[in-house]
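A.B. asks: Build me a model from this:
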Amino acid sequence: MKHFLITRFNVRVEGWETSRDGEKVLTPEWLEERFRLFETYCLPSVINQTNQNFDWCIFFDINTPQQFKQKVTKLSQTYPNIVAIYIKDMSSLIPKFRQYILSKADKEEFIITSRLDNDDLIHKNFIQTIRDNFVEKANVVIDLRRGYQVTLGDDFQEIRAFDFNFNPFVSYIEKAKASLKTVMHKNHRDFKYTKLQTIVKQPPLWIELVHSSNKYNSVRKEYKRILDFDNAAFGLSGKLVFKERSLAVFVHNNIINLKSKLKKIKRKLNV
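C.D. replies: This next block holds a predicted model:
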């Protein structure tokens, strides 16, 4: 069984023109910021994996400026798990991914493909947990339900633990054959319709990062914030660690508790 991690970096997507804060995407400035996020958060978390038995296929736009292509080459030399693949647009992603998988896997061998966004992080046991839940059956989705959301701030972050069904970190098991689909053949949320599912509810194994360049992620204010967070498990150390403010966490969580109590009172009173 072979395992392939897939990340889209700056592949062109129809209708994707601006970031959350309204800035144009895929510009040199946008790429500079994306590489900063990638090298600061995503990359260290992958290098930190306890099980390194996987290929990390990262897809880039074929017209990526040369200075960034050189950066990618250096990164792949430093961390050989990285396989950089350049394509013209999203229509080429699955065919090129399939082509690479078939060049590395034996015919009819079972393979796993797992998603990871270029600004998110994974726990050191992420890959190992997926492999531990591997079964020799085709068309099985592995859903690691529990994770964190970290909202970046200037000096402090907001850290929340939550469950997210069929999140952007799902994995897919199938056989290495010409018709293989990969985990990218549908939106991650649509895997809820997959017949064969392996649901894993272990301690949080991923981080959804919220920052100004996000397009879709929104702050999950309805969830409680936490102070006890293991940065090292996600490959973070020194000045780059995530840290919360104890007073802010206390106030936020008490407001949530108060709202919950008020809802219960209203239900009892039929209000």
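A.B. asks: Quick one: residues contacting D106.
C.D. replies: A176 (C-beta atoms under 8 Å, 6 or more residues apart in numbering). Backbone N, C-alpha and C define where each C-beta goes, glycine included.
A.B. asks: Averaged pLDDT, the one helix or strand V141 maps to. What do you get?
C.D. replies: Taking DSSP states H and E as the definition, V141 sits inside strand 140-144. In this model, strand 140-144 carries a mean pLDDT of 98.
A.B. asks: which helices and strands does the helix or strand just after that strand pack with?
C.D. replies: Going down the chain from strand 140-144, the next helix or strand is strand 146-151, by DSSP H and E. Judged by 3 or more C-beta pairs under 8 Å, 6 or more residues apart in numbering; DSSP states H and E, strand 146-151 is in contact with strand 158-163, strand 206-210.
A.B. asks: Apply 10 Å and report the result again.
C.D. replies: strand 121-122, strand 158-163, strand 206-210 (3 or more C-beta pairs under 10 Å, 6 or more residues apart in numbering; DSSP states H and E).
A.B. asks: Let's have those in CSV, adding distance to Q52.
C.D. replies: Shown next, in CSV, are these (distance: least, C-beta to C-beta, whole Å):
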stretch, distance to Q52
strand 121-122, 13
strand 158-163, 27
strand 206-210, 18
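A.B. asks: now the angle from the strand holding V141 to strand 206-210?
C.D. replies: In terms of direction (axes from the mean of the first three to the mean of the last three C-alpha atoms, to 10 degrees), strand 140-144 departs from strand 206-210 by 70 degrees.
A.B. asks: Strand partners (parallel or antiparallel) of strand 140-144?
C.D. replies: strand 171-175 (antiparallel), strand 196-200 (parallel) (DSSP bridges).
A.B. asks: from the ones you listed, which stretch is densest packed?
C.D. replies: strand 171-175 (a mean of 22; mean count of other C-beta atoms under 10 Å).
A.B. asks: If you average the pLDDT over it, what comes out?
C.D. replies: Here the average pLDDT along strand 171-175 is 97.
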